[in-house]
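*Asks:* this one's structure only:
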């Protein structure tokens, strides 16, 4: 779904003379965690005359930013008889709007994650580990320009590059923590379809079961593609460390892997159709620098390709 357009349609519901908040719009989407994403979407709004992003402020009445400048935000609010004093909305509680008509799409997606997490398999479900593809996505400065997805396929034993593929697509979903799959998967799927060789394993920059709902990007992608997948994340957002293992609710969900003494660790977790132990061994074998080679090369390819067309 296009969450940008859904969010903009929510904001268009705000009546004349009323305003709302980043948090209220996030709650109408179905998850308060999306409040920062709402702020970014308001900043990316292409037309403040047809989608009144100036009506969205902080939950304590502070104005927040505006792409055309705060003075213009105040001017537009005054035109709707909403007064501002010392950078805050006057009589905030009487003009704030919460009564959105919504289907709570993020709540639906969360339920989807919870349901699909029950079908994840963590056994080594492949005959031979012959090839590994790393897929990375690079995003332009504006969400309304196309993102670039890049895949680099390597021979697992020799680490020789066998194939590279690049795709482009419009972004329809902002970055929201724990919903990464819905932003990245459309490009990941296109890359997989363009490969001439079906990979034994897919490496993705994100988490597998190392996720609060046990269903991160690599897990959901593995289920959708029906391929073995491994998640490799640069930062640890969830879980607690015990030696090199990462635990969530007492369950081992991943490993911290430091390829050299001079680099920070990456966090490895199985996505689907591969075990925790094998996931770690695969990433270890492919790691020369901080990131495993398929992901490192895919990242470089995506970034350089996007830079060439910017």
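*Replies:* Looks like it came in fine. Just so it is clear, the model here is predicted, and its values are computed rather than measured.

*Asks:* which ones are touching residue 310?
*Replies:* residue 140 (Cβ atoms under 8 Å, 6 or more residues apart in numbering). C-beta coordinates here come from the backbone N, C-alpha and C atoms, glycine included.

*Asks:* now the strands for the stretch 151-300 of the chain?
*Replies:* Ranges of strands within the stretch 151-300 of the chain are 161-170, 201-204, 229-233, 240-242, 245-248, 251-257, 266-272, based on DSSP state E, counting those that start in this stretch.

*Asks:* Which neighbouring elements make contact with the shortest one?
*Replies:* The reference is to strand 240-242. Contacts defined by 3 or more Cβ pairs under 8 Å, 6 or more residues apart in numbering; DSSP states H and E place strand 240-242 against strand 245-248.

*Asks:* secondary structure class for the most far-flung residue of the chain relative to its centre?
*Replies:* Distance from the C-alpha centroid of the chain peaks at residue 81, with 37.9 Å (Cα atoms, centre = their mean). For residue 81, the assignment made with DSSP: H, G, I helix; E, B strand; the rest coil gives coil.

*Asks:* correct me, but it touches residue 15?
*Replies:* No - using Cβ atoms under 8 Å, residue 81 is not in contact with residue 15, being 11.7 Å away.

*Asks:* how much space between the nearest residue to residue 106 once chain neighbours are set aside and residue 1?
*Replies:* Leaving out its chain neighbours, the residue that sits closest to residue 106 by Cβ to Cβ, 6 or more residues apart in numbering is residue 30, at 3.4 Å. According to Cβ to Cβ, to the nearest Å, residue 30 and residue 1 sit 12 Å apart.

*Asks:* and if you look at residue 109?
*Replies:* From residue 109 to residue 1 the distance is 9 Å (Cβ to Cβ).

*Asks:* list residues touching both of the two?
*Replies:* With Cβ under 8 Å, 6+ apart as the test, residue 109 and residue 1 both reach residue 182.

*Asks:* okay, the two: which has more neighbours?
*Replies:* Per other Cβ atoms under 10 Å, whichever of residue 109 and residue 1 has more neighbours is residue 109, with 22 against 11.

*Asks:* Let me see the contact set for that one.
*Replies:* So residue 109 contacts 30, 179, 182 (Cβ under 8 Å, 6+ apart).

*Asks:* how far off strand 266-272 does the strand or helix carrying it point, in degrees?
*Replies:* Using DSSP states H and E, residue 109 sits within helix 105-117. Orientation check (axes from the mean of the first three to the mean of the last three Cα atoms, to 10 degrees): helix 105-117 against strand 266-272 gives 70 degrees.

*Asks:* Okay, buried residues for helix 105-117 please.
*Replies:* 105, 106, 109, 110, 113, 116, 117 (16 or more other Cβ atoms under 10 Å).

*Asks:* contacting residues around residue 164?
*Replies:* Contacts of residue 164 (Cβ under 8 Å, 6+ apart): 150, 151, 152, 153, 297, 301.
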